[in-house]
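Engineer: what follows is a predicted structure for the sequence shown.
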Amino acid sequence: MNSRPNRSFFSVFMTDMSEEQQDSIVDIETPTEIATNDTEYIGDKTQPTEEILNALNALNQTTAQNGHEQSPAQQVNAKQDTPSQEAPSEWHVLREKLREQPHDPEGWNKLVDLAEARGEIEQIKQTYEALLEVYPNTSSAQIAYLNHFLSPGLFPYAEELFRRFLRSSPLVDLWKFYLTYVRRVNTSPASREAVSKAYEFALSRIGQDKDSGDIWSDYIQFLKAGEEQQKMDALRKVYHRAVQIPLENVEKLWSELETFENSLNKITAKKFMSDLSPSYMQARTVLRQLQRHLGPLFPPPPASSPTRPHLYLPPTPTFNAAERALVGAWKTYLKWEESNPLEFEDKDKATLISRIQGVYRKAAIRMRFYAEIWYMAFVWTNSVGKPEEALNILKSGMEANPTSFLLHFAYCELQESRKEHAEVTTTFDKFLDVLRAELDELENRVNSANSSFTSDGSGRTVPTSALAGNGSGSLEAGTISNTSSFATQASDEKPPKVKELSDRRQEYGVVWIMYIRFARRALDLKTFRSVFAKARRDRWTPWEVYEAAALMEYHCNKDGGTGVASRIFEKGLETYGDEIEFVLRYLGFLISVNDENNARALFERVITAFPPERARPLWERWARYEYQYGDLEAAQKLEKRIAEVYPSDPPIKRFAQRHTYLGTDAIAARDLGFAMAARQPAALGSTSTSNSIEKRTDSLFSLTSASHMPVSQPPTKRASSPDYKRREGSARPDFGPPSKRQRPSSPPRDRDRERWEGPPRKRFGSPAGWERERDRELQHVKKDREDDKASTLPTVISWFVGQLPTPASFDGPVFRTDDLMMLLRNAVIPSATRRATPPPTPLPPPAPPAARTGGGRPPPDYGPYQGPGGGTRGGRRY
């Protein structure tokens, strides 16, 4: 039961009693009041003590466990102790869902509909407050919220909401709603000054907006109802301010000003209008440009419901083509506003800053979840000398985008420049917590998707329990050092390897790297090492953090930094021994510090831990070191080992690599004739020329550098047909001289035929994989040679072509060529000859001469024009 008395019933009840009875009732104290007022009151002693109640409860539990039934009193107490299990309403279910997934515009619109349909003011408050916490400064939601408190008894709460909303809102519709409220509550003649101040206050905030023209017009109409002399001076000032702003109704206001000035004095009117004419013409020109900019930025809103208008809530970005185009349009518009199109002078710089500031605020509301827009607002605000406001922009942007790397890094750098090191540390910790939770959620989704089945090493799908039982699911690891000083500090658990998860993990590692970089440069090495110790205990830390920390120790620690860096690499090898990139980085570091013994030991230790298809980069890296700095015997021994691992590689490949330096391959260019083949112009229609080039470069790819070879060879796919390649190539932009086309009658080249029809049956005993490598490298080198040729375009034309946008930036309509050709084929085109088909429509018999002379001009012929002499013998009739 509700403990609060029914006030209406209580008042009626008190009215029917005498004053003495009322006083006696008022003097009666409740038990709670007695206990409060009397310090000696210790409660009702007739009630059982706490010890007795505890014993009875224990006895009841024992009885229930033994199967005995409870007494009716015990059942009533149990029912009172058990809360009512009522089914949650649709509003509560949707509210819980939005707590977990707050960025759901349709869900919030539905929640508002449910709350307003129910009509409970507290639930409406909760709904709108929760919505505005996720989407602040949403004017449509603010206006809908305020509409519930515009009755006379609720004006104080409405005014409190106005103070909250108007403080940072740049939106015209909210300010228009506020002025309507002000004029509603201030209707007496004595309150005209308050209304005038409200208009001036609103126009100082949003008067530069092109949509504020209605507010300017309402203000002018309000001033026209004032005193005569005061009205004329105030009207002239407001008119002169308004006609210099690119408002939607600026032309109407200009004509009204002209009429107003002529009604007062035609001589002064001519002077005033001539002085204002340049500013008015500039505002009208800028208005047309502004309309072109804002057209795609504010599409028409969806259809509204009968009860309330639709709430526009910005969706989370997916970065598709349309959204990227929208971001580009916003950036273009913002840069245009920064360029001062209204040509404000230095004395009006405050007005220009206020105008651009309002534009950026609108952009941040409309594009709330695009960090690039927030960053642009921060950069501009900081450039005009408002660092505190710029800092607040970054804070608001981080609240809207808690996973934005751009905004968090900018905020940390700004705070570091202000020597706020504690704030930077707190920001990095919070950002890492958010990204860590995101990684955990992604891992849970991956594990739930793969919980039933997984894939073994052979690619077969098997139950997860099969791999868990034999323990063969773990990946190979490097040698683990039990004597390392870091042995108990790293996380033993490794997350699963999934492409998206791996990418997110690398991004997560970038934050740790920025964190330790800040700690090293802003604080000291001790703090940097403590931050790195925290990173080592994080299971999501990737190997890049270890490398960054090791190189930081090597370059910044002049006293023993090499040894510390080597220990960090060794510690990382324990966790990331199966990462070929990390092992290559470690090997390269040892080579760079001239630690040959440890580099050789590392190579011998890890080379057997990888299968041949993954170990090729390690072999190539060590081979380059041996070729450059080792002796001939060691190089020949290494080549023998490589030949055992990769028997398909021809011997000439390794031999040529030993005599290559900085990409200069003299053997390929001079002895094998590749330089001559590259310089020789290839006749596209000649089969013998392509055959001769192919024969002379038959062993070209034996000289391929290891850096160009992939780690693992993908499965071969069927090549595209020559016709398809020609169609595909024609779609690419070509800014050079036009290339020749192969004649339809000429046969295709041997290489094109080979790609389409498959390789020939006999390739003179050379391995198929090696031939594929040769073909790819030949195309690659030929392309490089063609790119190196000097452009035949003039300098000015080359510069102009370079300024053109890329084809990927085109987001307009794409015409279907088939439909276009069909349209052209079916079009009626004027011809100089008479059409054979269809036959011309027979003309009606000519009228007698008397009727022709008396009837005047004949009726016009609206048939298709058939050229000179077409249709009738006398030409086309008019």
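Structural biologist: That came through fine. Residues are numbered from 1 along each chain as shown.

Engineer: pull stretch 546-559 out as CSV, backbone CA atoms only.
Structural biologist: Output of stretch 546-559 as CSV, limited to C-alpha atoms (Å, rounded to 0.1, in the frame of the first residue of the first chain):
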residue,chain,number,x,y,z
TYR,A,546,57.9,-5.1,-27.9
GLU,A,547,59.8,-4.0,-30.9
ALA,A,548,58.9,-0.3,-30.3
ALA,A,549,60.0,-0.6,-26.7
ALA,A,550,63.3,-2.4,-27.6
LEU,A,551,64.2,0.2,-30.2
MET,A,552,63.3,3.0,-27.8
GLU,A,553,65.7,1.5,-25.3
TYR,A,554,68.4,1.2,-27.9
HIS,A,555,68.2,4.8,-29.2
CYS,A,556,67.3,6.6,-25.9
ASN,A,557,69.4,4.7,-23.4
LYS,A,558,73.0,5.5,-24.0
ASP,A,559,74.2,3.3,-21.2
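
Engineer: and that stretch, which residues are buried?
Structural biologist: Judged by neighbour count using 16 or more other Cβ atoms under 10 Å, the buried positions of stretch 546-559 are 546, 547, 548, 549, 550, 551, 552, 553, 554, 557. For every residue, glycine as well, the C-beta is placed using N, CA and C.

Engineer: repeat that for stretch 395-402.
Structural biologist: Going by neighbour count (16+ other Cβ under 10 Å), the buried part of stretch 395-402 is 396, 397, 398, 400, 401, 402.

Engineer: wait, the first one sits on residue 374?
Structural biologist: Yes. Judged on Cβ atoms under 8 Å, residue 396 makes contact with residue 374 at a distance of 7.5 Å.

Engineer: circling back: looking at the buried residues of stretch 395-402, which one is closest to residue 672?
Structural biologist: The closest of the buried residues of stretch 395-402 to residue 672 turns out to be residue 401 (Cβ to Cβ; 56.4 Å).

Engineer: residue 154 - that's part of a helix, no?
Structural biologist: Yes. Assessed by DSSP: H, G, I helix; E, B strand; the rest coil, residue 154 belongs to a helix.

Engineer: SS state for the spatially closest residue to it that is not a sequence neighbour?
Structural biologist: Distances taken as Cβ to Cβ, 6 or more residues apart in numbering place residue 148 nearest to residue 154, at 7.8 Å, with adjacent residues excluded. Three-state assignment for residue 148 (three-state DSSP): helix.

Engineer: for residue 396 and residue 374, list the residues in contact with both.
Structural biologist: Both residue 396 and residue 374 are in contact with residue 364, where contact means Cβ atoms under 8 Å, 6 or more residues apart in numbering.

Engineer: can you tell me how far residue 592 is from residue 566?
Structural biologist: Note on residue 592: its distance to residue 566, by Cβ to Cβ, to the nearest Å, is 12 Å.

Engineer: just give me the closest of the buried residues of stretch 546-559 to residue 587.
Structural biologist: Closest approach to residue 587 among the buried residues of stretch 546-559 (Cβ to Cβ): residue 547, at 11.9 Å.

Engineer: which strand or helix spans that closest one?
Structural biologist: helix 543-556 (DSSP states H and E).

Engineer: give me the neighbour count for residue 633.
Structural biologist: A count of neighbours around residue 633, defined by other Cβ atoms under 10 Å, yields 8.

Engineer: wait, residue 446
Structural biologist: The number of residues near residue 446, taken as other Cβ under 10 Å, comes to 16.

Engineer: not counting residues beside it along the chain, what's closest to it?
Structural biologist: Leaving aside its sequence neighbours, residue 446 sits nearest to residue 498 (Cβ to Cβ, 6+ apart; 5.3 Å).

Engineer: surely that neighbour touches residue 447?
Structural biologist: No. If you go by Cβ under 8 Å, residue 498 and residue 447 don't touch, sitting 9.8 Å apart.

Engineer: can you give me the strands for the chain?
Structural biologist: All strands of the chain, identified by DSSP state E, fall at 453-455, 461-463.

Engineer: going by mean pLDDT, which of the ones you listed comes out lowest?
Structural biologist: Among the strands of the chain, strand 461-463 has the lowest mean pLDDT, at a mean of 44.

Engineer: quick one, helices of the stretch 501-650 of the chain?
Structural biologist: With DSSP state H, counting those that start in this stretch as the definition, the stretch 501-650 of the chain shows helices at residue ranges 525-536, 543-556, 561-575, 580-592, 596-606, 612-629, 632-645.

Engineer: so which of these comes closest to residue 164?
Structural biologist: Of all the helices of the stretch 501-650 of the chain, the one in closest proximity to residue 164, counting by Cβ to Cβ, is helix 525-536 (39.7 Å).

Engineer: so, low pLDDT: which residues of the chain?
Structural biologist: 1-86, 227-230, 303-307, 451-497, 681-792, 831-878 (pLDDT under 70).

Engineer: for residue 628, give its distance to residue 671.
Structural biologist: 22 Å.

Engineer: wait, I meant residue 620
Structural biologist: Counting by Cβ to Cβ, the gap from residue 620 to residue 671 is 23 Å.

Engineer: repeat that for residue 409.
Structural biologist: For residue 409 relative to residue 671 (Cβ to Cβ), the value is 53 Å.

Engineer: more neighbours: which of the two?
Structural biologist: Set residue 409 next to residue 671 and count neighbours by other Cβ under 10 Å: residue 409 wins out with 18 against 12.

Engineer: leaving out the residues flanking it, which one is nearest to that one?
Structural biologist: Nearest in space to residue 409, with sequence neighbours left out and distances taken as Cβ to Cβ, 6+ apart, is residue 514 at 6.4 Å.

Engineer: residues in contact with the one you found?
Structural biologist: Counting by Cβ under 8 Å, 6+ apart, residue 514 has contacts 409, 412, 428.

Engineer: and what of residue 595?
Structural biologist: Neighbours of residue 595 in contact, by Cβ under 8 Å, 6+ apart: 562, 566.

Engineer: circling back: for the buried residues of stretch 546-559, give me JSON lines that also has distance to residue 641.
Structural biologist: Shown next, in JSON lines, are the buried residues of stretch 546-559 (distance: Cβ to Cβ, whole Å):
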{"residue": "546", "distance to residue 641": "29"}
{"residue": "547", "distance to residue 641": "28"}
{"residue": "548", "distance to residue 641": "33"}
{"residue": "549", "distance to residue 641": "34"}
{"residue": "550", "distance to residue 641": "29"}
{"residue": "551", "distance to residue 641": "30"}
{"residue": "552", "distance to residue 641": "35"}
{"residue": "553", "distance to residue 641": "34"}
{"residue": "554", "distance to residue 641": "31"}
{"residue": "557", "distance to residue 641": "37"}
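
Engineer: can you tell me which of the residues you listed is closest to residue 139?
Structural biologist: So of the buried residues of stretch 546-559, ranked by how close each gets to residue 139 (Cβ to Cβ), first place is residue 548, at 46.0 Å.

Engineer: and the closest one, what does it touch?
Structural biologist: Residue 548 is in contact with 513, 516, 517, counting by Cβ under 8 Å, 6+ apart.

Engineer: what's the answer for residue 321, then?
Structural biologist: Neighbouring residues of residue 321 by Cβ under 8 Å, 6+ apart: residue 811.

Engineer: is it true that residue 408 touches residue 431?
Structural biologist: Yes. In this structure, residue 408 is within contact of residue 431 by Cβ under 8 Å, at 4.9 Å.

Engineer: who touches stretch 615-634?
Structural biologist: Applying Cβ under 8 Å, 6+ apart, the external contacts of stretch 615-634 come out as 580, 583-584, 587-588, 591, 599, 603, 606-607, 610, 635, 638-639, 642, 645-646, 654, 657-658, 706-707, 709, 711.
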